[in-house]
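S.K.: Predicted model and sequence follow; I will ask about them next.
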Amino acid sequence: MRKTTVITCVFLDVGGVLLTDGWDHHARRRAAKTFKLDWAETEYRHNLNFATYEEGKLSLEEYLGRVVFYQKRSFTRAQFRHFMFAQSQPYPDVIELFARLKVRYGLKIFVVSNEARELNVHRIRKFRLDGFVDAFISSCFVHLRKPDAEIFRLALDIAQIPARQVLYIENTPMFFQIAEGLGIQSILHTDYKSTSAKLASFGFENEGHP
């Protein structure tokens, strides 16, 4: 069935697929250790605010004011922001893979991700994701956040491509399942090699690369 459906568009997640997660549990743990924060209190405050922050309804400064700088600290906001941004690292092989496939097969590529605005913009620019991505349906821009299925419906409206012609690459099983429930064929990403093999089953050969 897959080979009879022409895929013309790819939806990509960012954290865990193209880049490391921007501000996940592990990054926050490192921050708590580096800046000697009370982990339980910081995580409690984070959990109260993070969904609102990722939906673009809180600025980074507001988030930091609520989660970290609600009391006097021995470090500055600039130092903490720098640490946050430095946690992002690329998966160059995956980035190059989709940049190649876009050119080779004339694909449209859209990002569908949960990202807070300032971190999202930093990641797009630093890792040049806008060099091959046609549009960013990021939670901070559209004020919708996975697992809300509406973010996928909005992405389909923006792409103006039927769900059956879209292939979604995602590393979170629940989000993968939600997309599949909307008729979007999906690949559950775990690593470069397995995703390359799964892409080949859709007719996208990664020729000349391991």
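M.R.: The structure has been received and is ready for your questions.

S.K.: tally of neighbours for Lys57?
M.R.: Residues contacting Lys57 under the criterion other C-beta atoms under 10 Å number 13. Where you see a C-beta, it was placed from the backbone N, CA and C, and this is true even at glycine.

S.K.: which regions of this structure sit below the pLDDT cut-off?
M.R.: 1-5, 208-210 (pLDDT under 70).

S.K.: do you know how far Val17 is from Asp93?
M.R.: Counting by C-beta to C-beta, to the nearest Å, the gap between Val17 and Asp93 amounts to 11 Å.

S.K.: Those two: which has the busier surroundings?
M.R.: More neighbours sit around Val17 than around the other of Val17 and Asp93, counting by other C-beta under 10 Å; the figures are 22 against 15.

S.K.: ok, that one touching Phe175?
M.R.: No - in this structure, Val17 is not within contact of Phe175 by C-beta atoms under 8 Å, at 11.0 Å.

S.K.: got the buried residues for stretch 174-193?
M.R.: Residues Phe175, Phe176, Ile178, Ala179, Ile184, Gln185, Ser186, Ile187, Leu188, His189, Tyr192 are the ones in stretch 174-193 that count as buried (16 or more other C-beta atoms under 10 Å).

S.K.: quick one: secondary structure of Phe136?
M.R.: Classification of Phe136 by DSSP: H, G, I helix; E, B strand; the rest coil places it in strand.

S.K.: wait, it sits on Asn120?
M.R.: Yes - Phe136 lies in contact with Asn120 (C-beta under 8 Å); the separation is 7.4 Å.
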